[in-house]
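Asker: how would this look folded up:
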Amino acid sequence: MILMLAEGESFTDIQKVLGCNRSYITRWGRRFKSQGPDGLYPRHTGRAASKEALQLEAKILAKTQRKPSDGSTHWTTRKMANELGIDHMRVARVWRRARLKPHRVDRYILSDDPDFESKAVDIIGLYMNPPQHAAVFCVDEKTAIQALDRLDPVLPMSPGRAERHGFEYYRHGTLSLYAALNTKTGEVIGKTAERHTSEEFVAFLSDVVAHQPADKEIHIIADNLSAHKTARVQDFLKAHANVKIHFTPTYSSWLNQVELWFGKIERDVIARGVFTSTPDLKRKLMRYIRKSNKSPKPIKWTYCDGRRRIRNGANLNVTVH
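Answerer: Residues are numbered from 1 along each chain as shown. Predicted structure coming up:
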């Protein structure tokens, strides 16, 4: 209506198109002229909630946070409505306002590392305050990637229908993918291997070193896999004094940025991929890495809650483990 008025349309034409009366056009046109877009908001926002409604909402919220008496693990809107003798949509509205989702569950694992704080601060320091003229890499391996081939043809996506894969598949074998994410540039150095052993890990570290200028300081962030702490690895570190490994605390893979990149390649290539052999799997993985490295994006890392396991004001300086 406001747009039609602005275009010079007559009240009669507006009435015919929108089915409203002249007083309606006059009232809202006057409000828009005097207050702008704010004048188009409704004048009546509804009556205040009654004391009984607030008490019922509090009862719903309190009951939601306790287990149902029938032995089930969580409430549904209809089960709660039957329990209280109300409409299930009312329960849904209360849950939505309180951001309660009883059907959802999140899982976590708590690190039991006694040196959690010092190791976490060390790694966070590498992300947020890295040493000058040094390279920081997040390194890990994604093991047992299956080269799955579909026995039935893949039916392509079409309007109103998702891409469809046959249920049956054939395994052509597995590969492990080693990856080193450069935290500054977002580039990834990748290598596949048939097994994930200490020898393969050391060989991959040699590739990472080969991609950097001679004697440049290199910091490696890795997890606590036994293959990362063998005598062979220690010999490599003695031979390359410019390379330092920083181990994440136990059960703290979330501190390693390369895990985020593994999740991305899982979604983009592996989960829905069709691979006719392990060489085909290797080719597609490495092609994805090469293409991604043409326009890399570093991960934006933040750590906002220092109260959780890390003292406020902890010094984010880099140390060596």
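
Asker: Tell me how this protein divides into domains.
Answerer: 2-40, 51-98, 116-292 (automatic domain parsing).

Asker: To residue 301, which of those domains lies closest?
Answerer: With respect to residue 301, and counting by Cβ to Cβ, the nearest of those is domain 116-292 at 4.4 Å. C-beta here means a position set from N, CA and C on the backbone, and glycine is covered the same way.

Asker: Packed most tightly, which of the domains of the chain would that be?
Answerer: domain 116-292 (a mean of 16; mean count of other Cβ atoms under 10 Å).

Asker: just the strands in the stretch 201-321 of the chain please.
Answerer: For the stretch 201-321 of the chain, applying DSSP state E, counting those that start in this stretch gives strands covering 217-222, 243-247.

Asker: Mind checking those for the one nearest to residue 133?
Answerer: Across the strands of the stretch 201-321 of the chain, closest to residue 133 is strand 217-222 (Cβ to Cβ), at 6.9 Å.

Asker: Give me the sheet partners of the closest one and which way each runs.
Answerer: strand 134-150 (parallel), strand 243-247 (parallel) (DSSP bridges).

Asker: Among those strands, which comes closest to residue 37?
Answerer: That would be strand 134-150 among the strands paired with strand 217-222, by Cβ to Cβ, at 48.0 Å.

Asker: Past the closest one, which element shows up next along the chain?
Answerer: strand 169-182 (DSSP states H and E).

Asker: That next one packs against which elements?
Answerer: strand 134-150, strand 188-193, helix 198-210, helix 258-265, helix 278-292 (3 or more Cβ pairs under 8 Å, 6 or more residues apart in numbering; DSSP states H and E).

Asker: Please repeat the previous calculation with a cut-off of 7 Å.
Answerer: Packing partners of strand 169-182 (3 or more Cβ pairs under 7 Å, 6 or more residues apart in numbering; DSSP states H and E): strand 134-150, strand 188-193, helix 258-265, helix 278-292.

Asker: between the ones you listed, which one is nearest to residue 11?
Answerer: helix 258-265 (57.6 Å).

Asker: Next, the angle from the closest one to strand 134-150.
Answerer: 30 degrees (axes from the mean of the first three to the mean of the last three Cα atoms, to 10 degrees).

Asker: hang on, residue 200 packs against residue 193?
Answerer: Yes: counting by Cβ atoms under 7 Å, residue 200 touches residue 193, with 4.5 Å between them.

Asker: which regions of the chain lie under the pLDDT threshold?
Answerer: Low-confidence segments of the chain, defined by pLDDT under 70: 44-46, 303-321.

Asker: Perfect, that will be all.
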